[in-house]
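In: 3D, please:
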Amino acid sequence: MQAGMTHELPRPRLAMRLLGFAGATLLATLSGIAGAQTSADTKTFEDANFRYSVALPKGCRHDEGPGTLDAICSADLDPEKSSAASAAAALVLEVGVESVPADASTPPADLAQRYGEAQFKEELPETVCGESDRAKVKIDNAKQVLEEARVVYTADVTCPEIKFLGLGERRAATRFLITPGLRYRLMARAPKEDFEKRKEAVDAFFASFRLLP
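Out: Model prediction:
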């Protein structure tokens, strides 16, 4: 699903990470929400190299890098406001992809051994919050689902306030999709008081994510 934005918190990224997936169950559950957003409201991004597509709100600023795609969105999804919005204090929808050639022929059960729930949780503080102190980050509802061709991890994350930047707590939803050869990481984050207000955009983002042949 992670760059040159003024006042943005440093966010460590894995090599070629999207940071960040949505399983078949999630897609089925939320497909109606995604369908409700018209093409006039969103822009679809496709990456043939990393084999995925995703729809992001047009009113956001879109930043792309090697294996990464971010949407930074103002509260009202106004393009001009989004162009100057800080990723630290805005709604951020993020996709990052990591290439893992050694896993190219690995079945899901073995993928879960190579990248387990403990590793997933360990990665979340820096990936989602830019926070190196694991104790400051709250992780809830962590879950692993073993599917036919992939492993899906989900969790809710609360990032701590950063007083010297005037930032309050931020909330995030994460979906990591571990597939043979590629690891997808999706993240949606916003200030705590705004997160529920952005639920429709967040749900549509996750629901729109597709793996390409």
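In: can you pull out the helices in this structure?
Out: Using DSSP state H, the helices of the chain run over residues 24-36, 79-84, 108-114, 117-124, 192-195, 199-208.
In: Show me what the fourth one is packed up against.
Out: Other elements packing on helix 117-124 under the criterion 3 or more C-beta pairs under 8 Å, 6 or more residues apart in numbering; DSSP states H and E are strand 138-146, strand 151-159. In this view, the C-beta of every residue, glycine as well, is placed from N, C-alpha and C.
In: Which stretch among these is buried most, on average?
Out: strand 151-159 (a mean of 22; mean count of other C-beta atoms under 10 Å).
In: What are the contacting residues of it?
Out: 21-23, 26, 108, 111-112, 115, 117, 120-121, 124, 128-131, 137-145, 169-178, 189, 192 (C-beta atoms under 8 Å, 6 or more residues apart in numbering).
In: Figure out which of the helices and strands packed on helix 117-124 is closest to E94.
Out: strand 151-159 (12.4 Å; C-beta to C-beta).
In: Might you report the residue contacts of K138?
Out: Shown in contact with K138 (C-beta under 8 Å, 6+ apart): V157, T158.
In: now for the helices and strands packed on helix 117-124, which one comes closest to A201?
Out: Of the helices and strands packed on helix 117-124, nearest to A201 by C-beta to C-beta is strand 151-159, at 16.5 Å.
In: now that closest one against strand 138-146, angle please.
Out: 170 degrees (axes from the mean of the first three to the mean of the last three C-alpha atoms, to 10 degrees).
In: strand partners of strand 151-159, parallel vs antiparallel please.
Out: strand 138-146 (antiparallel), strand 170-179 (antiparallel) (DSSP bridges).
In: about what we covered before: wait, which of the helices and strands packed on helix 117-124 is closest to T68?
Out: Closest among these, once you apply C-beta to C-beta, is strand 151-159, at 18.5 Å.
In: quick check: angle from that closest one to helix 117-124?
Out: 40 degrees.
In: before we move on, the earlier item: can you add distance to K197 and mean pLDDT and give the helices and strands packed on helix 117-124 back as JSON lines?
Out: Shown next, in JSON lines, are the helices and strands packed on helix 117-124 (distance: least, C-beta to C-beta, whole Å; pLDDT from 0 to 100):
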{"stretch": "strand 138-146", "distance to K197": "19", "mean pLDDT": "97"}
{"stretch": "strand 151-159", "distance to K197": "16", "mean pLDDT": "98"}
